[in-house]
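1. just need the structure, nothing else, for what follows:
(chains A and B)
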Amino acid sequence: MGMTLAEKILVRASGRESVAPDEVVVARVDLAMSHENADLVRKSFLEIGRPHVWDPSKIVIIFDHRVPAESERTATTHQAVREFVAAQGIRHFYDVGRGGICHQVLPENGHVRPGMVLVGTDSHTTTHGAFGAFATGIGATEMAGVWTGGTLWFKVPATLRILVEGEFRPWISAKDLILYIIGRLGAAGADYRAVEFDGAAIRRMTVASRMVLANLSMEMGAKVAFTPVDNTLLDWLRARTPEPLEQVAPDPDARYERVLRIDAGEDIWEPQIACPHAVDHVRPLSALGDVPVHQAVLGSCTNGRLEDLAIAARILSGRKVHPRTRLVVIPASQQIYRDAMRLGYLDTLVAAGGMIAPPGCGPCVGVHQGILAAGEACVSSTNRNFIGRMGSKDSQVYLASPAVVAASAVAGKLEHPAAIVKESEPCLVEA
Amino acid sequence: MSGGSLKLRGAVRAILGDNIDTDIIYPGRYLNITDRELTAEHLFELSYPEIRAAIRPGEFIVARRNFGCGSSREQAAAALKFAGVGAVIAGSFARIFYRNCINLGLPAVIAPDAALACAAGDELELDLAAGEIRNVTQDRAIASARLDPRAVELITAGGLIAYLKRKHAA
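-> Sure, this is the predicted structure:
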């Protein structure tokens, strides 16, 4: 009997001959990632009382939620983690100014490979399914258990397969596709499940665009979310790691709980917007009317990559951010920051009146670098729009693609990119 | 952490709706608080501060579906526990939040109709191992799922830290 990709990876990681959905298996963990909450993990680990972590080479710690430290309290937790990392011999540590957002830094530096079991103390760890890893978020105390023994129990997930065919319309991106899917399935639509994306439209996508799908699958409850391990991905990885790479794939006769078929061109006619205060509260842009925006945010583990900055620069080139609106741009990593600088994107965005914030999570988690006042609305390329997520509980966050964020920054209200850039160019960057 | 009981009795403090996210439970701005006991102060701070203010030890929070969706922040579960909540009862839970509760020794009980089968202030009796909830006030049973044996072990131990401590000491 054929297996899904999630089943295949769990079979190998648990040493069993087969697994079936809902069975509980204990799997070895190949990589354990934490950000600032490594301090919580550290405290739980010390309470458990083991002297050493199970394997310092398999732990990666990346500061991103509060960089540079925005308060003395954060500075103190950063300090405690630095000392712990040194004491435990954890070499893969990306301090302030050395990395960026964890989900970008991990693959960029060759830490992620197909077939791995990867856990992270961050819900958007699902992002690494774009690299063929069984990757999921866990809590801090659970991570302390992983640091102690290097294994974790998993309930084997049933798999939802999403096949996307057809051609994307102009200005429609991976972000619009996944918001459309979340709108259809709901915030719990993939709860506890694995998702496998495939189809010609997915296989044409860049690695960066595939990461958007795997990242946001978390917002419909997915445990893990894969995009295909194909030559596009393997070429991308070979440029970043000398380690051997394996082309893992589901069996052709794998059993799926459900198969969803989408035609990118027929089903998605215009940009998709997740309206306040839920990611599954998705509407097509034209249904929203006039929505003034006071802030536009371009960044995050969802959409702060080079292709996102590129399309924003294209839209903002020779234009100005609307007087009512602030534009905050956050490259997802130091590497992307440098690339965007070299290619002139940052200059274009700054000339338009945008402000560049340091690589990290920025205002997405409501800490700093663009907090909203009561009554303000923000269009954002980030991943959550919950009440008070980016500041006041009386502020509003609209989630959209990078192109819509840039167009809205120019218009001072939610706007279709085609209304700003007259020539109809395709938005989806192909691999 | 001392071990947890599998039989609980207490009043329903509040009944909440679908998709109560982790930002509602514990705002992101306080994630740099890494002392678990101190997290309770910010429970439900943005949307339901009155619930936190009124919680008495052992009371239950009841909700509809997908409770705890969103972030992996363990502080969401810790804030409930250290505010004195005895158990969270919901139609369903987001997976990371559910595991966080059990790992911290806070019972999280799946009961599809709980939000409809009790009112705020009702007295409930829970038997976690048997998967039984009794609404004492209304004299009726509420269907609920039995806690997974692994979860029972962790709740009994008082959470994952206490469980692992004991395991490594043995």
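
2. now do the spatially closest residue to residue A:7 that is not a sequence neighbour against chain B, distance only.
-> Leaving aside its sequence neighbours, residue A:7 sits nearest to residue A:19 (Cβ to Cβ, 6 or more residues apart in numbering or on different chains; 5.4 Å). C-betas here are computed from N, CA, C, even on glycine. Going from residue A:19 to chain B by Cβ to the nearest Cβ, to the nearest Å gives 16 Å.

3. just the pLDDT for residue A:19.
-> At residue A:19, the model reports a pLDDT of 97.

4. and for residue A:425?
-> At residue A:425, pLDDT is 52.

5. cool, and residue A:166?
-> For residue A:166, pLDDT reads 97.

6. which residues does residue A:224 bridge with?
-> residue A:194 (DSSP bridges).

7. that one reaches residue A:129, doesn't it?
-> Yes. Between residue A:224 and residue A:129 there is a contact under Cβ atoms under 8 Å: 5.2 Å.

8. hey, what's in contact with both of the two?
-> A:135, A:195 (Cβ atoms under 8 Å, 6 or more residues apart in numbering or on different chains).

9. can you pull the contacts of residue A:157?
-> Applying Cβ under 8 Å, 6+ apart, the residues near residue A:157 are A:6, A:21, A:192, A:193, A:194, A:223, A:224.

10. apart from its neighbours in sequence, what residue is nearest the first one?
-> Think residue A:6. Closest to residue A:6 by Cβ to Cβ, 6+ apart is residue A:194, at 3.8 Å.

11. what mean pLDDT does stretch A:95-104 have?
-> 98.

12. for that stretch, buried residues please.
-> A:96, A:99, A:100, A:101, A:102, A:103, A:104 (16 or more other Cβ atoms under 10 Å in any protein chain shown).

13. need the contact list for the fifth one.
-> Remark: with contacts taken as Cβ under 8 Å, 6+ apart, residue A:102 is in contact with A:33, A:35, A:60, A:62, A:64, A:94, A:120, A:122, A:301.

14. right, and the fifth one touches residue A:34 too?
-> What that stands for is residue A:64. No. Applying Cβ under 8 Å, one finds residue A:64 not in contact with residue A:34, separated by 10.5 Å.

15. any low-confidence regions in chain B?
-> For chain B, the stretches flagged by pLDDT under 70 are B:1-2.

16. the spatially most central residue of it and chain A, how far apart?
-> For chain B, the residue nearest the mean C-alpha position is residue B:88 (3.0 Å; Cα atoms, centre = their mean). Counting by Cβ to the nearest Cβ, the gap from residue B:88 to chain A is 15 Å.

17. stretch A:51-60 vs chain B: in contact?
-> No. For a cut-off given as Cβ under 8 Å from any Cβ of the partner chain, stretch A:51-60 has no contacts with chain B; the smallest distance is 10.6 Å.

18. which parts of that stretch are buried?
-> Quick answer for stretch A:51-60 (16+ other Cβ under 10 Å): A:53, A:54, A:58, A:59, A:60.

19. now the end-to-end length of that stretch.
-> Start-to-end span of stretch A:51-60 (Cα to Cα, to the nearest Å) is 18 Å.

20. give me the mean pLDDT for it.
-> 98.

21. run the chain-centre distance for that stretch.
-> Distance of stretch A:51-60 from its chain centroid, counting by Cα atoms, centre = their mean, to the nearest Å, is 25 Å.

22. could you do stretch A:403-413 as well?
-> For stretch A:403-413, the distance to the chain centre is 22 Å (Cα atoms, centre = their mean).

23. one more: stretch B:94-113?
-> 6 Å.

24. extract the CA atoms of it and return them as CSV.
-> In CSV, the C-alpha atoms belonging to stretch B:94-113 read as follows (Å, rounded to 0.1, in the frame of the first residue of the first chain):
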residue,chain,number,x,y,z
ALA,B,94,-5.4,23.7,17.8
ARG,B,95,-2.7,21.1,18.0
ILE,B,96,0.3,23.0,19.4
PHE,B,97,-1.8,24.7,22.1
TYR,B,98,-3.3,21.3,23.1
ARG,B,99,0.2,19.8,23.5
ASN,B,100,1.4,22.8,25.5
CYS,B,101,-1.5,22.5,27.9
ILE,B,102,-0.8,18.8,28.6
ASN,B,103,2.9,19.4,28.8
LEU,B,104,2.3,22.0,31.5
GLY,B,105,-0.1,19.8,33.3
LEU,B,106,-3.2,21.8,32.5
PRO,B,107,-6.1,19.5,31.5
ALA,B,108,-7.5,20.3,28.0
VAL,B,109,-10.7,18.3,27.4
ILE,B,110,-12.4,17.8,24.1
ALA,B,111,-16.2,18.0,24.4
PRO,B,112,-18.0,18.9,21.1
ASP,B,113,-21.1,20.3,22.7
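
25. give me the buried positions along it.
-> B:94-112.

26. that stretch near chain A anywhere?
-> Yes. Using Cβ under 8 Å from any Cβ, stretch B:94-113 reaches chain A at B:94, B:95, B:96, B:99, B:100, B:103, B:104.

27. tell me how many other residues crowd residue B:60.
-> Per other Cβ atoms under 10 Å in any protein chain shown, the neighbour tally for residue B:60 reads 27.

28. could you do residue A:61 as well?
-> 26.

29. could you do the one 3 residues further on as well?
-> Summarising burial for residue A:64: neighbours were counted as other Cβ under 10 Å, giving 26.

30. residue A:329 too?
-> Neighbours of residue A:329 using other Cβ under 10 Å come to 31.

31. tell me the phi and psi of it?
-> phi -120, psi 130 (degrees, to the nearest 10).

32. for the residue lying closest to residue A:175 once chain neighbours are set aside, phi and psi?
-> Nearest residue to residue A:175, sequence neighbours excluded (Cβ to Cβ, 6+ apart): residue A:401, at 4.0 Å. Phi and psi for residue A:401, reported as degrees, to the nearest 10, are phi -70, psi 160.
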